[in-house]
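In: everything below, folded, please.
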Amino acid sequence: MRILVTAMLSAIVLLGISCGKDKDDSRQRRFISLKLDDRVYLSENPKGIITLPNLTDENPDNDYPTMEITGQSYNGDVITFSLATASMPFKPGVYPATQKGNGLLIALNSTYYTNLTSAGSTDFQITITHIDNLNVEGTFSGTLKDASGAGGTRVVKNGAFRAMISQQGQ
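Out: From the prediction side, this is the model:
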């Protein structure tokens with residue numbers, strides 16, 4: 001009888017452990033994903049760097065904190081976000097490409113070596129939905145144009161990112 005009770009209790013414990021909820025590791029995944037011309041581009045494990053302002057030189061272009069997030073797709077396409085803020089820390093919110101220091105550059109190395117940029121776009125925006133000392137995540141969408149001026153415009157849809165960030169001083 002003891003053997004039967006022990007076996008039943010062991011079975012219940014094992015069943016309880018195996019049916020328990022697994023940890024949701026999807027929050028640990030780092031990526032940049034976007035849809036451009038009905039094609040999905042994906043970059044795994046992008047890196048983000050926050051650069052503190054350099055107030056000791058004569059260059060006014062580096063007098064504010066910037067964040068750059070860069071990732072590369074399996075096809076060699078390079079996706080780079082640039083964000084700027086008046087003062088630290090970066091906060092959740094909308095960072096439109098119409099403000100100096102904000103934007104997106106995509107080097108499409110897999111298709112005709114085209115560079116697409118959000119520079120001059122009035123509708124492109126990056127939204128930070130969450131940021132802490134280690135991670136940044138958000139969404140982006142809007143119109144991009146060929147950086148050479150030769151091509152027309154292209155629309156980014158369903159853009160999302162999650163990247164690990166580090167901070168460096170200038």
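
In: so how far is the lengthiest strand in the chain off the chain centroid?
Out: Taking DSSP state E as the criterion, the chain has its longest strand at strand 153-168. A distance of 3 Å separates the C-alpha centroid of strand 153-168 from that of its chain, computed with CA atoms, centre = their mean, to the nearest Å.

In: what pairs with that strand, parallel or antiparallel?
Out: Next to strand 153-168 in the sheet, as set by DSSP bridges, lie strand 31-36 (antiparallel), strand 47-51 (parallel), strand 135-146 (antiparallel).

In: so what touches the shortest one?
Out: In other words, strand 47-51. Contacts of strand 47-51 with the rest of the structure, by CB atoms under 8 Å, 6 or more residues apart in numbering, involve 62, 65-71, 90, 136, 163-170. Bear in mind the C-beta positions are built from the backbone N, C-alpha and C, glycine included.

In: show the buried residues in those residues.
Out: P65, T66, M67, I69, T70, G71, F90, V136, A163, I165 (16 or more other CB atoms under 10 Å).

In: from those, which land in strands?
Out: Those of those lying in strands (DSSP E): T66, M67, I69, T70, G71, V136, A163, I165.

In: state the pair within those that is farthest apart.
Out: T66 and G71 (17.1 Å; CB to CB).

In: show the average pLDDT along the longest strand of the chain.
Out: What strand 153-168 shows for mean pLDDT is 93.

In: now swap in stretch 126-139 and tell me
Out: 96.

In: which residues touch I131?
Out: Going by CB under 8 Å, 6+ apart, I131 touches P89, F90, K91, P92, E137, I165.

In: could the strands paired with strand 153-168 go into JSON lines alongside distance to N158?
Out: Below are the strands paired with strand 153-168 laid out as JSON lines (distance: least, CB to CB, whole Å):
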{"stretch": "strand 31-36", "distance to N158": "5"}
{"stretch": "strand 47-51", "distance to N158": "20"}
{"stretch": "strand 135-146", "distance to N158": "7"}
